[in-house]
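need a structure here:
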Amino acid sequence: MPVTGHNAGMSCAGVVLTGGASTRMGQDKATMVLDGASATLARRTARLLLQHTSPCVELGPGASGLPEVRDSGGGPLLALAGAARLWESLPADGHVVVVATDLPRLTGGLLAWLASHPAAGPVVPLDRGRRQPLCARYPVADLRRTPAAVAAGVTALRVWLAGLEVHEAPRAEWGPAAGDLRALRDADTPSDLAALGAAGGRTEC
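From the prediction side, this is the model:
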């Protein structure tokens with residue numbers, strides 16, 4: 001499978017997750033264009049990832065412009081497990097920044113901080129006391145074990161994470177790099193978008 005943006009100077013790959021039904025939003029979040037924006041949420045996320053990670057791939061239906069691995073549904077852990085061939089193609093000692101597409105205030109500074117973090121294990125930011133595993137960095141070695149975890153009956157990302165040695169990064173650690181303390185806030189509904197100052201516009205086909 002071809003991948004985009006390989007750069008020998010980057011040691012961290014990037015993945016954007018674009019699956020999900022977007023039921024509460026009422027339209028596909030990945031293909032939404034926010035007011036005043038020039039790109040869909042998925043393409044904006046991909047552009048930011050390409051600045052700080054390489055190679056970059058989409059797990060989903062193909063909304064970002066990146067090479068995609070189709071997501072069969074069932075949630076983020078199943079999507080990660082379904083990308084087994086991708087993980088095998090990456091260096092065993094490498095890392096991958098995994099980002100959901102529904103973060104309208106995501107910044108390149110936050111992604112750069114994740115990609116360059118010195119921790120050996122998973123790096124998961126905390127926001128308002130809660131882990132944010134859909135804007136986090138994972139070792140390739142751990143991602144290679146996701147198919148076995150799913151085969152053993154684990155289907156929730158938080159359950160899988162419970163078995164790993166995670167570096168939990170508080171806001172004081174990631175906030176200065178992000179430059180926006182709302183960078184990790186996801187948007188599931190139109191009211192979420194309004195609260196983040198990012199009203200949704202048209203949907204791009």
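
Only C-alpha atoms from now on, for both contacts and neighbour counts.
OK.

And the residue nearest to residue 98 when sequence neighbours are not counted, how close does it get to residue 152?
Using Cα to Cα, 6 or more residues apart in numbering and skipping the chain neighbours, the partner closest in space to residue 98 is residue 15 (4.8 Å). As judged by Cα to Cα, to the nearest Å, residue 15 and residue 152 stand 24 Å apart.

So these two - more neighbours on which side?
residue 15 (28 against 9; other Cα atoms under 10 Å).

ok so, going back, tell me how far the helix or strand where the residue nearest to residue 98 lies lies from the chain's centre.
Take DSSP states H and E as the rule and residue 15 turns out to sit in strand 12-17. Distance, stretch centre to chain centre, for strand 12-17: 6 Å (Cα atoms, centre = their mean, to the nearest Å).

List the strands paired with that strand, with their directions.
strand 56-59 (parallel), strand 95-100 (parallel) (DSSP bridges).

ok, back up a step: my guess is the residue nearest to residue 98 contacts residue 52. True?
No. Assessed by Cα atoms under 8 Å, residue 15 is found out of contact with residue 52, at 11.5 Å.

circling back: now the strands paired with strand 12-17 as JSON lines including distance to residue 82?
Listed next are those as JSON lines, based on distance: least, Cα to Cα, whole Å:
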{"stretch": "strand 56-59", "distance to residue 82": "9"}
{"stretch": "strand 95-100", "distance to residue 82": "14"}
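
Nearest residue to the residue nearest the centre of the chain in space, please, no chain neighbours.
In the chain, the centroid-proximal residue (Cα atoms, centre = their mean) is residue 99; its distance is 0.9 Å. Once flanking residues are discounted, residue 99 sits nearest to residue 135: 4.4 Å by Cα to Cα, 6+ apart.

So the one you found is in contact with residue 101, correct?
No. Taking contacts as Cα under 8 Å, residue 135 lies outside contact range of residue 101: 9.5 Å.

between the two, which one's more packed in?
residue 101 (29 against 26).

Next one: that one from residue 52, what distance?
16 Å.

Next, count neighbours for residue 176.
Neighbours of residue 176 (other Cα under 10 Å): 13.

scratch that, residue 34 is what I was asking about
20.

cool, and residue 133?
Residue 133 - counted by other Cα under 10 Å - has 21 other residues nearby.

before we move on, what about the one 3 residues further on?
The local packing of residue 136 (other Cα under 10 Å) involves 23 other residues.
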